[in-house]
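Enquirer: mind looking at a prediction? Sequence and model below.
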Amino acid sequence: MRLQQEELQIFDNFIHTEFLPTEQEQAMELTTSWKEEGIQQGIQQGIQQGEYRALKRLLTRRFQTIPDDVLARIETAQPEQLGQWLENTLDAITLDDVFRSH
């Protein structure tokens, strides 16, 4: 959940007027933890989207068309799997070779 600037000011004001100093510190640590977790999650999603796009682009260039079932498989793959398929694309002769376990 992303707060707007005005909401952040209200939240900050609430913490500083309603919480004891020790509670303020705990609340700030918690919000910092949430921010860091959100940033990490965003980075991971960005990497996964980049790998998806790269794989789709390489497969399209190499094999011209990509069947819908293959696209669906790529879209739902785990990040490690996308990385493996990207590597497999380098040596693949057929589209099936890309998705084989090596």
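Expert: Alright, I've got the coordinates. Numbering: from 1, shown residues only.
Enquirer: from here on, contacts and neighbour counts on C-alpha atoms
Expert: Will do.
Enquirer: do a quick rundown of the helices in this protein.
Expert: Assigned by DSSP state H, the chain shows helices spanning 5-18, 21-63, 68-75, 79-91, 95-98.
Enquirer: buried sites along the third one?
Expert: Okay, so that is helix 68-75. Within helix 68-75, the residues that count as buried by 16 or more other C-alpha atoms under 10 Å are residue 74.
Enquirer: the helices of the chain: lowest mean pLDDT?
Expert: Here the lowest mean pLDDT among the helices of the chain goes to helix 5-18, at a mean of 71.
Enquirer: run the angle between that helix and helix 21-63 for me.
Expert: Orientation check (axes from the mean of the first three to the mean of the last three C-alpha atoms, to 10 degrees): helix 5-18 against helix 21-63 gives 150 degrees.
Enquirer: tell me how many other residues surround residue 55.
Expert: Residue 55 has 21 neighbouring residues, counting by other C-alpha atoms under 10 Å.
Enquirer: now do residue 101
Expert: Neighbourhood size, residue 101 [other C-alpha under 10 Å]: 9.
Enquirer: any idea how far it lies from residue 81?
Expert: Plainly put, residue 101 is 10 Å away from residue 81 if you go by C-alpha to C-alpha, to the nearest Å.
Enquirer: got it, and residue 22?
Expert: Counting by C-alpha to C-alpha, the separation of residue 22 from residue 81 is 45 Å.
Enquirer: thanks a lot, see you next time.
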